[in-house]
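Asker: just coords:
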């Protein structure tokens, strides 16, 4: 999962930057609202909502904004009704792309997403063309400088994690959970005194596509263009990010 670890770190840094412009707030309000609509307004009994609220707090969203978003989802306040859908396709180098979208108008969103894909070297595919390549999982990163492998593994597995990875080339341990167990496993890790640097419910690729630097740079431009669209909540891909491209992106 080394490709995912690298990309998760880039996403985390980018979210912190985007939060200053309010872009992340808008998307999190949508996610909180639909999570509350589907599973109720109590985060303790709604893992998806709890994860969304945690992410909102990480980017310092005001508590009042979180509360209003929940109330819009439960119907206690009026709000826009969003439809959750996925778009699938391919990027430069044949990389698989899976988009999680929340929209109030699919007739507007679909052609806009298709245009972004084609303009940036990608193309839309049929439903099911790449979704089979991904699994929905809870995903946690812990810096190796904060703990040792045995301690983290003991805590994580005891709390219900499915697996833990230690790639010697990476700076983080990777913990994988069932989506509904993410909050419990994260809480157990943090309660043991180990800080979590990143946590989310994501779509993990079953395998990775290694592409050259040129295609990787094109892929990053495509992902950024897709993430800039107000209806795109998450962009999932299976490409492995070359180290030299990481260095350029982080400058």
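Answerer: All right, it came through fine. Everything numeric here is computed off the predicted structure, so don't read it as measured data.

Asker: any weak-confidence spans in the stretch 1-150 of the chain?
Answerer: Counting by pLDDT under 70, the ranges of the stretch 1-150 of the chain that qualify are 1-22.

Asker: which residues in it form helices?
Answerer: Here the stretch 1-150 of the chain has its helices, by DSSP state H, counting those that start in this stretch, at 2-19, 23-39, 47-58, 63-74, 106-119, 149-158.

Asker: Same question for the stretch 151-251 of the chain.
Answerer: Counting by DSSP H, counting those that start in this stretch, the stretch 151-251 of the chain has helices at residues 182-191, 213-228, 243-249.

Asker: Just tell me which of those helices ends up closest to residue 110.
Answerer: Of all the helices of the stretch 151-251 of the chain, helix 213-228 sits nearest to residue 110, with 13.2 Å by C-beta to C-beta. (C-beta placed from N, C-alpha, C; glycine too.)

Asker: list the buried ones in the closest one?
Answerer: Neighbour-count burial for helix 213-228, counted by 16 or more other C-beta atoms under 10 Å, picks out 215-220, 222-223, 225-227.

Asker: tilt between it and helix 23-39?
Answerer: Relative orientation of helix 213-228 versus helix 23-39 (axes from the mean of the first three to the mean of the last three C-alpha atoms, to 10 degrees): 70 degrees.

Asker: helices or strands up against helix 213-228?
Answerer: strand 96-103, helix 106-119, strand 232-237, strand 239-240, helix 243-249 (3 or more C-beta pairs under 8 Å, 6 or more residues apart in numbering; DSSP states H and E).

Asker: How far does that helix sit from its chain's centre?
Answerer: Relative to its chain's centre, helix 213-228 lies at 16 Å (C-alpha atoms, centre = their mean, to the nearest Å).

Asker: before we move on, what about stretch 23-43?
Answerer: 14 Å.

Asker: So which residues make contact with it?
Answerer: Contacts of stretch 23-43 with the rest of the structure, by C-beta atoms under 8 Å, 6 or more residues apart in numbering, involve 15, 18-19, 45-53, 55-56, 59, 61, 65-66, 69-76, 79, 82, 84, 102, 228, 230, 233.

Asker: Next: stretch 107-115.
Answerer: Under C-beta under 8 Å, 6+ apart, the answer for stretch 107-115 is 87, 99, 101, 103, 124, 226, 229, 231-232.

Asker: ok, and for it, which residues are buried?
Answerer: For stretch 107-115, a neighbour-count test (16+ other C-beta under 10 Å) marks 109-110, 113 as buried.

Asker: what does stretch 62-72 give?
Answerer: Quick answer for stretch 62-72 (16+ other C-beta under 10 Å): 66, 68-72.

Asker: So, low pLDDT: which residues of the stretch 151-251 of the chain?
Answerer: 242-243, 245-251.

Asker: State the distance from residue 88 to residue 235.
Answerer: Computed as C-beta to C-beta, to the nearest Å, the residue 88 to residue 235 distance reads 12 Å.
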